[in-house]
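Novice: This is the structure alone, sequence omitted:
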Ligand SMILES: Nc1ncnc2c1ncn2[C@@H]1O[C@H](COP(=O)(O)OP(=O)(O)O)[C@@H](O)[C@H]1O
Ligand SMILES: [Mg+2]
């Protein structure tokens, strides 16, 4: 089966990639890459566990980071206890404890939130998120206030004799737990609960008349999703050795939503794509630009409007055409989209960056440099060029997209026949 | 003991009383049809019996047990299953998955998140058999929302009987079907409700008089006649209120 190969390739890449950038001269790993990949692992768990709610159960939660965060905070305390020999558990099984912490809290909050569905559910979760964020600032003993809590991951207790002193060892721990969590979450989709979660998403009323209490389905699904989020948070604590407010606050909940949605909520693997993409943007583009969040936001809006089934949905839509062996007929139409899309993108990025350098950049004393030339953000020319490129690209793309649409519709009709 | 009993059941929506004291007794394995003009309250009766809405007063008993305060899923677990006049299926799940879902509870899977569905041989075979019974085998993996109207109606019936409930409520199962589709659906209903108690709302008089052991006529939230087809047909009040107009 092809998807099996895809999984193997992904795992192989995840394991091998750090060595592709290994600095053999200094015997050093590329720290930036390792931390980016580690981050991707946690975010995959976060996004997938979020999609257990959004995509699989139709539950729009606004407090998912709560369970990620609690896993992180709990992990810090577990590690500290382990460091003092009060918790004789090997490092490799510690994330399980973080997961159980997430589960516990999700059972508590889930009992409240899953009484409702749809909008009321979303509002309760919003309240829970705010409640936890406030609690994190209030209860210093556990949450450490503004500064958060810190730990030392070298607890000197490992099944494999590892010290976890280096990032690469932690990374492989993350790879292992990400694999475990993804596999378990996939397994869940194949069980009666997983299927009934889909069923109550589609039609909660009908579910009642075949013997199921939709509320119970929501509750168990919510609790389990909290378990996995907790594991993600545990890995976060191990990686950074510090957990602050950020790990459970609303922006991370929004991020979970963003990743799941952009990746695609209708396909199991969609959120994995989203998590990887957003992590790349976060680590990559954020180095280059102050405005990376603007790009993520615009991308999100564009996805909601033009591709509500996300990246995975777009890929999936090509399935029937590919099976009919006609994918080649889309090459040219796709190529025709490239130039106008590029023009639109450049114009947009140009304007955003000009704006950002005019304000934030000036405050930071930075200069906009393009191809080695400093660009004067107060001159008219850069603005005119960017705006023209944006408008021209947009108009052209409209035409090109209409053409593409025609080809696509024709092909789809042919394939259906 | 009766399979299903309604004792002076009333229901108001706001100030208007829609069901105005309905009393009904349905014997085990009886095929009981409810007829009546549009807006008479037939669907509302089903909603009350199946627990979708709470009743305003009265009693409903299933096999001698009070069910009028129970939630729908509890009533279903006691052996009462219903279909909907407006098709109610899991539209983004495949036809096969729809039927399998409808089988799950009665086969004891509850909220299991540990048993893998693909390894439940008996369950999967039962779902496949249902597919065959409903003549939907060729549509097995299609999303239920994409089925034709008649196919969705067949699926609706299939999901209703899947759990093996002893009392089946069908709300206008053949509405909107062509003659051949109706014939097929009725043959299907006869087959799958063999030995069960059937309560059915139906507009097609031919179907009703063919199938029913007992007919109840509901007009304006009240039972105006109830009995064997011949008696109901001969009933003056019914002829005036309802049948006469239809049979001309
Ligand atoms: N949920 C509801 N709220 C208010 N009125 C309702 C509701 N459901 C049904 N009714 C009213 O009850 C009456 C009976 O409806 P219904 O039971 O659907 O009739 P039938 O199925 O016999 O055609 C109608 O007048 C309808 O408007
Ligand atoms: Mg009706």
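Specialist: Yep, that arrived. The structure displayed is predicted, hence computed values, not measured ones. Ligands and ions are numbered 1, 2, ... in the order given.

Novice: only C-alpha atoms for contact and neighbour calcs from this point on.
Specialist: Noted.

Novice: isn't residue A:91 right next to residue A:158, touching?
Specialist: Yes. Counting by CA atoms under 8 Å, residue A:158 is a contact partner of residue A:91 at 5.4 Å.

Novice: More neighbours: those two, which one.
Specialist: residue A:91 (24 against 15; other CA atoms under 10 Å in any protein chain shown).

Novice: so who does the more buried one touch?
Specialist: A:155, A:157-159 (CA atoms under 8 Å, 6 or more residues apart in numbering or on different chains).

Novice: Give me the pLDDT for it.
Specialist: As predicted, residue A:91 sits at a pLDDT of 96.

Novice: Give me every residue in chain B lying close to chain A.
Specialist: Residues of chain B found near chain A (CA under 8 Å from any CA of the partner chain) are B:50, B:72-77, B:81-82, B:88-93, B:98, B:101-106, B:109-118, B:159-160, B:163.

Novice: I'd like to know how far residue B:20 sits from chain A.
Specialist: According to CA to the nearest CA, to the nearest Å, residue B:20 and chain A sit 25 Å apart.

Novice: Now do stretch B:110-125: everything it contacts.
Specialist: Contacts of stretch B:110-125 (CA under 8 Å, 6+ apart): A:187-188, A:190-194, A:212, A:217, B:100, B:103-104, B:107.

Novice: Which single one of these is nearest to ligand 1?
Specialist: Each of those was checked against ligand 1 using CA to the nearest ligand atom; the closest is residue A:212, at 22.2 Å.

Novice: For residue A:282, which non-adjacent residue is closest in space?
Specialist: Once flanking residues are discounted, residue A:282 sits nearest to residue A:292: 7.2 Å by CA to CA, 6 or more residues apart in numbering or on different chains.

Novice: Who are the contact partners of that neighbour?
Specialist: When contacts are counted by CA under 8 Å, 6+ apart, residue A:292 touches A:281-282, A:285-286.

Novice: How much space separates the residue in chain B that chain A sits nearest to from ligand 1?
Specialist: Closest residue of chain B to chain A, CA to the nearest CA: residue B:73 (4.4 Å). Separation of residue B:73 from ligand 1 (CA to the nearest ligand atom, to the nearest Å): 19 Å.

Novice: what does residue A:10 give?
Specialist: Taking CA to the nearest ligand atom, one finds residue A:10 at 52 Å from ligand 1.

Novice: ok, now residue B:52?
Specialist: Taking CA to the nearest ligand atom, one finds residue B:52 at 10 Å from ligand 1.

Novice: same thing with residue B:192?
Specialist: According to CA to the nearest ligand atom, residue B:192 and ligand 1 sit 24 Å apart.

Novice: doesn't residue B:161 make contact with that residue?
Specialist: Yes. Taking contacts as CA under 8 Å, residue B:192 lies within contact range of residue B:161: 7.1 Å.

Novice: Can you pull out the low-pLDDT segments for the chain?
Specialist: Here I'm looking at chain A. A:1-2 (pLDDT under 70).

Novice: that's the wrong chain, I wanted chain B
Specialist: The model of chain B has pLDDT under 70 over residues B:242-248.

Novice: now the helices: where do they sit in it?
Specialist: Taking DSSP state H, the helices of chain B run over residues B:42-49, B:72-77, B:95-104, B:121-133, B:149-162, B:179-192, B:205-211, B:229-234, B:236-238, B:244-247.

Novice: can you list the domains in chain A?
Specialist: Residue ranges for the domains of chain A, per automatic domain parsing: A:32-312, A:318-416.

Novice: quick one: which of the ones you listed is nearest ligand 1?
Specialist: Short answer: domain A:32-312, nearest of the domains of chain A by CA to the nearest ligand atom, at 14.1 Å.

Novice: Quote the end-to-end distance of the closest one.
Specialist: Its start and end residues considered, domain A:32-312 measures 27 Å (CA to CA, to the nearest Å).

Novice: what distance separates that domain from the centre of its chain?
Specialist: Taking CA atoms, centre = their mean, to the nearest Å, one finds the center of domain A:32-312 at 9 Å from the center of the full chain.

Novice: One more: stretch B:37-44?
Specialist: Centroid separation between stretch B:37-44 and its chain, computed with CA atoms, centre = their mean, is 14 Å.

Novice: what does stretch B:144-158 give?
Specialist: The answer for stretch B:144-158 is 15 Å, by CA atoms, centre = their mean.

Novice: Pull the residues that contact that stretch.
Specialist: Residues from elsewhere that reach stretch B:144-158 (CA under 8 Å, 6+ apart): B:83-84, B:87-95, B:98-99, B:130, B:134, B:136, B:139, B:170, B:173-174, B:177, B:181, B:185, B:189.

Novice: likewise stretch A:23-37?
Specialist: Residues outside stretch A:23-37 that contact it (CA under 8 Å, 6+ apart): A:14, A:18-19, A:21-22, A:167-168, A:171, A:279-280, A:283.

Novice: So which of these sit within helices?
Specialist: Using DSSP H, the contacts of stretch A:23-37 in helices are A:14, A:18-19, A:167-168, A:171, A:279-280.

Novice: Report the spatially nearest residue to residue A:87, omitting neighbours in sequence.
Specialist: Nearest non-adjacent residue to residue A:87 (CA to CA, 6+ apart): residue A:81, at 5.6 Å.
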